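Asker: The sequence isn't on hand, but the structure is:
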């Protein structure tokens, strides 16, 4: 019994590491796209904050990849940038966006 519990704990720890690595990757991916799309439209971070009604700290944390915007913000961002929410996801993850929608 102890061995099974130990194996489950080790597997759980490995999964945590994978989840953390994925969150970091996704944050950097989304952040890079936000920065690129914002700059291509000639918008400032302040203008984006005003449009989205978020703080400068929140928006900045999205662009530098510390955090990923919640799904309802991704829908608003997609509208601003004239793209799909799926465009904010790495290749192969588009199906995730197809099942979501603005939830208020």
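Answerer: Thanks, I have the structure now. Just so we're clear, the structure is a prediction, and the values are computed from it rather than from any experiment.
Asker: When you work out contacts or count neighbours from here on, use the C-alpha atoms and nothing else.
Answerer: Noted.
Asker: Can you give me the neighbour number for residue 48?
Answerer: 17 (other Cα atoms under 10 Å).
Asker: Likewise for residue 84?
Answerer: Counted with other Cα under 10 Å, residues neighbouring residue 84 total 16.
Asker: residues touching it, list them.
Answerer: Applying Cα atoms under 8 Å, 6 or more residues apart in numbering to residue 84 gives the contacts 75, 78.
Asker: Can you tell me how far it is from residue 37?
Answerer: Residue 84 sits 12 Å away from residue 37, going by Cα to Cα, to the nearest Å.
Asker: Let's verify the residue most central in space within the chain: helix, strand, or coil?
Answerer: The centre of the chain sits closest to residue 68, judged by Cα atoms, centre = their mean, with a distance of 3.1 Å. Secondary structure state of residue 68, per DSSP: H, G, I helix; E, B strand; the rest coil, is coil.
Asker: Test my guess that it contacts residue 26.
Answerer: Yes: assessed by Cα atoms under 8 Å, residue 68 is found in contact with residue 26 at 7.5 Å.
Asker: what about residue 56, distance to residue 39?
Answerer: Taking Cα to Cα, one finds residue 56 at 16 Å from residue 39.
Asker: measure the residue nearest to the centre of the chain to residue 50 for me?
Answerer: Separation of residue 68 from residue 50 (Cα to Cα): 18 Å.
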